[in-house]
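S.K.: here is my input; please provide its structure:
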Amino acid sequence: MDNTPTSLVSVITRSMDRSTLQEALDSIANQTHPNIEVVLVNALGDGHRQYGERCGTFPLRTVRSDAPLHRSSAANLGLDSARGKYALFLDDDDWLDPDHIEKLVTALEQNADMRVAYAGVRFTSARDSDEFSVINESFDPIKLFYGNFIPIHAVLFRRELAQLGCRFDDSLAIYEDWDFWLQAARFGSFLHLNRVSAGYRSNGGSGAGPSVGEDAVRAARDRIFDKWRHVWSGAEVNKLLAFVSHIEDPKILSLERKLEASRQLGATLNQRLVESNVRFSELEIASTELEK
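M.R.: Predicted structure coming up:
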């Protein structure tokens, strides 16, 4: 018999003990959903600050291994240690709005056939910055083949996905969340809530952020595609190629239009320069005649 408390959410926080960890925990403590446990994964090892057994009113458990953990290993340890019906990952440099979990739980409770729900996320360099972009795209499994458009803490998922075999790939240093969503998508579509209710720091040290070089990102994408090309069917690959063609053609056409516009502007400016030179010569002649 399932003894899981009704609607219990395990919030798994992989921590390298960054200075922003307390803000992440505070955002969990402020959640309006009443039934949460916090699983704090010490991925740093020795030297991590000690935290108590509470995160606001919610219970907090710290788990660790005998050595520092890579991101995937830390995620799997947190997933194995979780007890909730639902799970959500929140890294120690990001945060949640107070109703983020409540709205996602409600969505999944009302859609029993769905295993994954997600909302939009603000993408910013600092929590209090007035300048931010929004990541809030509707779900498309083929678009997910092309790249990850769902930040990890945007998502609440039924923990039964782990029992179905969804795990974080220890061979992936980055994009482990993208790989996990690709696994989850084999079991059904994702439910998208068209609202923004979490924050993601662009200068954080987790994931494939700006601090990761282009070569590392390209190599990580190669690893993803090398792994999944053995899984995707011919029909799925064909849809992916059609999707890529659809998103690339407008970019090329846009660049061609900009290039043509630049050429026309250059021609116009050149013509105006010629006219100006002619006018200048005429004025010089007129000035000479006046002097005479």
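S.K.: so what touches stretch 139-147?
M.R.: With contact meaning CB atoms under 8 Å, 6 or more residues apart in numbering, stretch 139-147 is reached by 118, 137, 149-150, 178, 181-182, 185, 189-192, 221, 228, 232, 236, 239-240, 243-244, 247. All C-beta atoms are positioned from the backbone trio N, CA, C, and that covers glycine.
S.K.: go with 10 Å
M.R.: 116-118, 137, 149-150, 175, 178, 181-182, 184-186, 188-192, 221, 224-225, 228, 232, 236-244, 246-247 (CB atoms under 10 Å, 6 or more residues apart in numbering).
S.K.: could you dump that stretch to CSV, C-alpha only?
M.R.: Provided in CSV are the C-alpha atoms of stretch 139-147 (Å, rounded to 0.1, in the frame of the first residue of the first chain):
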residue,chain,number,x,y,z
PHE,A,139,5.7,22.0,-25.0
ASP,A,140,6.8,20.3,-28.2
PRO,A,141,8.5,17.0,-28.0
ILE,A,142,10.4,17.5,-31.2
LYS,A,143,11.6,21.0,-30.1
LEU,A,144,12.9,19.2,-27.0
PHE,A,145,14.9,16.9,-29.3
TYR,A,146,16.6,20.0,-30.7
GLY,A,147,17.5,21.6,-27.4
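S.K.: low-confidence regions, this structure specifically.
M.R.: Along the chain, the parts satisfying pLDDT under 70 run over 1-5, 127-130, 203-212, 246-269, 271-272, 275, 278, 292.
S.K.: try 50
M.R.: Residue ranges of the chain with pLDDT under 50: 1-2, 210.
S.K.: which parts of it are helices?
M.R.: For the chain, the helices defined by DSSP state H occupy 21-29, 71-81, 100-109, 141-146, 160-163, 176-185, 214-228, 234-291.
S.K.: I'd like those helices written out as TSV, with distance to Val11 and mean neighbour count added.
M.R.: Converted to TSV, those look like this (distance: least, CB to CB, whole Å; neighbours: other CB atoms under 10 Å):
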stretch	distance to Val11	mean neighbour count
helix 21-29	5	19
helix 71-81	9	21
helix 100-109	8	20
helix 141-146	23	17
helix 160-163	15	14
helix 176-185	15	22
helix 214-228	26	13
helix 234-291	33	10
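S.K.: adding distance to Leu44, write these out as CSV.
M.R.: Shown next, in CSV, are those (distance: least, CB to CB, whole Å):
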stretch, distance to Leu44
helix 21-29, 10
helix 71-81, 10
helix 100-109, 25
helix 141-146, 31
helix 160-163, 24
helix 176-185, 18
helix 214-228, 21
helix 234-291, 38
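S.K.: how many neighbours does the residue nearest to Gln183 when sequence neighbours are not counted have?
M.R.: Closest residue in space to Gln183, ignoring its immediate chain neighbours: Cys166 at 4.4 Å, by CB to CB, 6 or more residues apart in numbering. Residues within reach of Cys166, counting by other CB atoms under 10 Å, total 21.
S.K.: separation between Gly47 and Met16?
M.R.: Computed with CB to CB, to the nearest Å, the distance linking Gly47 and Met16 is 10 Å.
S.K.: give me the common contacts of these two.
M.R.: Counting by CB under 10 Å, 6+ apart, the shared contacts of Gly47 and Met16 are Pro68.
S.K.: so these two - more neighbours on which side?
M.R.: Under the neighbour definition other CB under 10 Å, Gly47 and Met16 were set side by side, and Met16 has more, 20 against 8.
S.K.: who are the neighbours in contact with that one?
M.R.: Contacts of Met16 (CB under 10 Å, 6+ apart): 41-45, 48, 68-69, 71, 74, 91-93, 205-206.
S.K.: can you tell me which two in those residues are farthest apart?
M.R.: Maximum pairwise distance in the contacts of Met16, criterion CB to CB, is 18.3 Å, between Gly45 and Asp93.
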